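1. quick one, what's the 3D model for this:
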Amino acid sequence: MRGALETSSTSALEKATACFDRGDLEVAESLCRVILAASPNDASGHILLGKVLQNANRPIDAQSAFRAAVKLSPHAADSWRHWAKLLKSLGELEKARECLCMALTHLPESFHIHHDLGLIFLALKDGAGADRHISRALNIEPRSEIALCHLGLVRMHQGRCDEAIAAYHAGIAINPSVPELHNNLGDALKERDLDAAERAFSTATALRPDFAEALDSLGVIYFFKGRLEDALDKFDEALLAKPGLQRAKAHKTTTLFLLERLPEAWRLYRDRYAVAGYKRMPHGRFQVPVWNGEPFAGKALLVWTDLGLGEEILQAGMLLEVLASALCLTVECSPRLVRLFARSFPVATIIPRTNPTRACPVPVVADYQIAAGDLGAIFRDRRAKFPLHTGYLTPDPEKVSTLRQRYARASAEHMPGNMIVGLSWASHNADLGMDKTLALSEFAPLLRQPGVTFVNLQYGAARDEAVAVAAAMGIDIQTDQTVDPSGDMDDVAAQAAAMDLIISVSSTVVHMAGALNVPVWNLVPGHRASGMWHWFSDSENSAWYPSMRIYRRTQEKNQELMDRLAGDLEELCSHAGPRG
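-> Predicted coordinates for the structure are as follows:
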């Protein structure tokens, strides 16, 4: 009799498995319930029920099923492995790791367990652990193209790009029809060979036409090559395949800005808060409705800045238009900008931003609120609406005078008529800093220019580079220890305003100069710096800052650009004395 029951249970489990495999979850669950009613100690039935419930998006019930399976059969590696998969899907990576380690104690030579454990370690950003287990999986099954694909990801995580590329090529040699291999190969190649990366992403999308991530990456390659319309097409294809792919939406937004299709760009720009890792609570921090451009004469408006200091300074250029209509204006900004903004916009109330993830602790009287970046959709939706301003930030005049006199006196080489030129050569932007940054030594053709007093405006660790370069070249680059570039921006503004000219890579420095109407030469990387939409494309003039001239770097070595800058500086020195 018992044998008959076991046979019946096995047959029912096979039927339930078949239903699960074809996606008939409701019938599969019913069959599992029947099996477990008859044989409540059937661990296989609990495992299958857990898988069914997980696929049905019922994680709590699925956990109960896997827990029961493990309790009934603690030595069955399969129970632990499936529970780990569920925990990983719930983001409980440490618990998933523990389950897989338990599974490994019972089945130490399992390819699948080592492979899964390697992926957990990778998700935990433990490259050594990921490497150890995926390499072990490949020792067990050397021709697994999926394990080679994931080994490539581990090698990329470890900064071992050549080995990652070799792993992807090995996987492709085994099975060239795996789109993920070609996509990951493209990711590994894009920093060194755009043409090879383009071929890899194109192959991935040919193998899977709705591979949204590969379509987006192919669009980025077109973007890097300056093929903006082609890039836009790929971003649209990616979003058609996966409408929630935020990175494709961000890339599309940047491309639209560079093409100066401003109304479309500003509409998408509002979605910047959906980007993974963005930790601010945008509009919910203030209990007033969002202003979308409707008439608001006689109303009180709250504007809160967002993103980095450079963007805050750029966004402030639209506050004058707001002040023309608002009954009263409150601006919440970085504490470092409060003094400068208070002087520049004296009729507005300026309050410091404390914790952008929580409600504002300062009572604010307002009828509407808006993020400063969203003012662009209202006041900068076409080129004609960018004003030819003469500066909208107001530095402390006494500080400006004191600093200018200090720089004139301090230089042993200073002669009447010398220009005072500020320099900044590095950016610490987490995403684009490497693309923006130059070595100060590359500025040598400019630094040899006679009749110029150079002042170090660099912030961060690169600030000390000026001492070594000046000593090596036998020149003087003034570094003012009384001005902290990472401190209050009121002092930074005064220092910038004391310059006749500022030459800088794209950073907060150029935004400050432009907002003060100080002549500034902005050294912008080519299309690789995909987040720098503020500078649009091709033009040497900035729509945001009339005093800015844009120099676009189009090659890896910058000698040609520096020679051009040196020539332009020499010509400027021959025709112009100090400013103001």
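2. okay, strands next: where are they in the chain?
-> 300-304, 328-333, 349-352, 368-371, 419-424, 452-456, 477-478, 501-505, 520-525, 548-553 (DSSP state E).
3. quick check: which of those is nearest to residue 167?
-> Among those, strand 520-525 comes nearest to residue 167, with 30.1 Å by C-beta to C-beta. Bear in mind the C-beta positions are built from the backbone N, C-alpha and C, glycine included.
4. and the strands of the chain as JSON lines, adding distance to residue 97, mean neighbour count and mean pLDDT?
-> Formatted as JSON lines, the strands of the chain follow (distance: least, C-beta to C-beta, whole Å; neighbours: other C-beta atoms under 10 Å; pLDDT from 0 to 100):
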{"stretch": "strand 300-304", "distance to residue 97": "41", "mean neighbour count": "23", "mean pLDDT": "93"}
{"stretch": "strand 328-333", "distance to residue 97": "42", "mean neighbour count": "22", "mean pLDDT": "94"}
{"stretch": "strand 349-352", "distance to residue 97": "42", "mean neighbour count": "18", "mean pLDDT": "94"}
{"stretch": "strand 368-371", "distance to residue 97": "40", "mean neighbour count": "21", "mean pLDDT": "92"}
{"stretch": "strand 419-424", "distance to residue 97": "45", "mean neighbour count": "23", "mean pLDDT": "94"}
{"stretch": "strand 452-456", "distance to residue 97": "48", "mean neighbour count": "24", "mean pLDDT": "92"}
{"stretch": "strand 477-478", "distance to residue 97": "52", "mean neighbour count": "20", "mean pLDDT": "88"}
{"stretch": "strand 501-505", "distance to residue 97": "42", "mean neighbour count": "25", "mean pLDDT": "96"}
{"stretch": "strand 520-525", "distance to residue 97": "40", "mean neighbour count": "23", "mean pLDDT": "93"}
{"stretch": "strand 548-553", "distance to residue 97": "45", "mean neighbour count": "18", "mean pLDDT": "91"}
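5. can you check which of those gets nearest to residue 13?
-> Checking the strands of the chain against residue 13 by C-beta to C-beta gives strand 368-371 as the closest, at 56.0 Å.
6. low-confidence ranges in the protein?
-> 1-10, 274-284, 355-362, 410-417, 428-434, 527-531, 554-557, 576-580 (pLDDT under 70).
7. and stretch 326-333, how far out from the chain's middle?
-> Between the centre of stretch 326-333 and the centre of its host chain there is 29 Å, according to C-alpha atoms, centre = their mean, to the nearest Å.
8. residue numbering should commence at 41 henceforth.
-> All right, first residue 41 from here; so that's stretch 366-373.
9. export only the CA atoms of that stretch, formatted as PDB.
-> C-alpha atoms of stretch 366-373 as PDB (Å, rounded to 0.1, in the frame of the first residue of the first chain):
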ATOM      1  CA  ALA A 366       6.300  85.900  -7.300                       C
ATOM      2  CA  LEU A 367       4.900  87.800  -4.300                       C
ATOM      3  CA  CYS A 368       7.700  86.300  -2.200                       C
ATOM      4  CA  LEU A 369      10.300  83.700  -2.900                       C
ATOM      5  CA  THR A 370      12.000  81.200  -0.600                       C
ATOM      6  CA  VAL A 371      15.100  79.400  -1.900                       C
ATOM      7  CA  GLU A 372      16.400  76.300  -0.200                       C
ATOM      8  CA  CYS A 373      20.000  75.600  -1.200                       C
END
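10. which residues touch residue 151?
-> Neighbour list for residue 151: 177, 180-181, 184, 187 [criterion: C-beta atoms under 8 Å, 6 or more residues apart in numbering].
11. got those as CSV, with neighbour count columns?
-> Formatted as CSV, the contacts of residue 151 follow (neighbours: other C-beta atoms under 10 Å):
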residue, neighbour count
177, 26
180, 15
181, 14
184, 19
187, 27
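12. give the contact list for the closest residue to residue 305 other than its chain neighbours.
-> Leaving aside its sequence neighbours, residue 305 sits nearest to residue 296 (C-beta to C-beta, 6 or more residues apart in numbering; 3.7 Å). Taking C-beta under 8 Å, 6+ apart, we find residue 296 in contact with 272, 302, 304-305, 308.
13. just residue 607 next, same as before
-> Counting by C-beta under 8 Å, 6+ apart, residue 607 touches no other residue.
14. coming back round to it: farthest-separated two in the contacts of residue 296?
-> For the contacts of residue 296, the farthest-apart pair by C-beta to C-beta is 272 and 302; their separation is 14.4 Å.
15. which one among the contacts of residue 151 gets closest to residue 477?
-> Checking the contacts of residue 151 one by one against residue 477 (C-beta to C-beta), the nearest turns out to be residue 187, at 37.1 Å.
16. from residue 174, how far out is that closest one?
-> 6 Å (C-beta to C-beta, to the nearest Å).
17. which neighbours do those two share?
-> Counting by C-beta under 8 Å, 6+ apart, the residues touching both residue 187 and residue 174 are residue 155.
18. my guess is residue 518 contacts residue 497. True?
-> No. With contacts counted by C-beta atoms under 8 Å, residue 518 stays clear of residue 497, the gap being 10.1 Å.
19. show me where the stretch 441-590 of the chain has helices.
-> Along the stretch 441-590 of the chain, counting by DSSP state H, counting those that start in this stretch, helices occupy 473-476, 484-487, 505-513, 529-537, 548-556.
20. just name the most buried of the ones you listed.
-> helix 548-556 (a mean of 28; mean count of other C-beta atoms under 10 Å).
21. before we move on, back to that, okay if I get the contacts of residue 151 as TSV plus distance to residue 364?
-> Listed next are those as TSV, based on distance: C-beta to C-beta, whole Å:
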residue	distance to residue 364
177	66
180	71
181	70
184	66
187	63
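22. ok, back up a step: tell me which of the helices of the stretch 441-590 of the chain lies nearest to residue 90.
-> Across those, residue 90 has its closest neighbour in helix 473-476 (45.4 Å, C-beta to C-beta).
23. take the contacts of residue 296 and keep only those in helices.
-> 272, 302, 304-305, 308 (DSSP state H).
24. quick one on the thing from earlier: between the contacts of residue 296, which sits nearest residue 503?
-> Nearest member of the contacts of residue 296 to residue 503, counting by C-beta to C-beta, is residue 305, at 34.7 Å.
25. need the contact list for that closest one.
-> By C-beta under 8 Å, 6+ apart, the contact set of residue 305 is 293, 296-297, 573.
26. just to revisit the earlier point, any idea how far residue 56 is from the residue nearest to residue 305?
-> Taking C-beta to C-beta, one finds residue 296 at 51 Å from residue 56.
27. now swap in residue 193 and tell me
-> From residue 193 to residue 56 the distance is 35 Å (C-beta to C-beta).
28. same check, this time on residue 572
-> Applying C-beta to C-beta, the value for residue 572 to residue 56 is 56 Å.
29. quick one: which of the two has more around it?
-> residue 56 (25 against 20; other C-beta atoms under 10 Å).
30. nearest residue to that one in space, please, no chain neighbours.
-> That would be residue 71: by C-beta to C-beta, 6+ apart, it lies 3.7 Å from residue 56.
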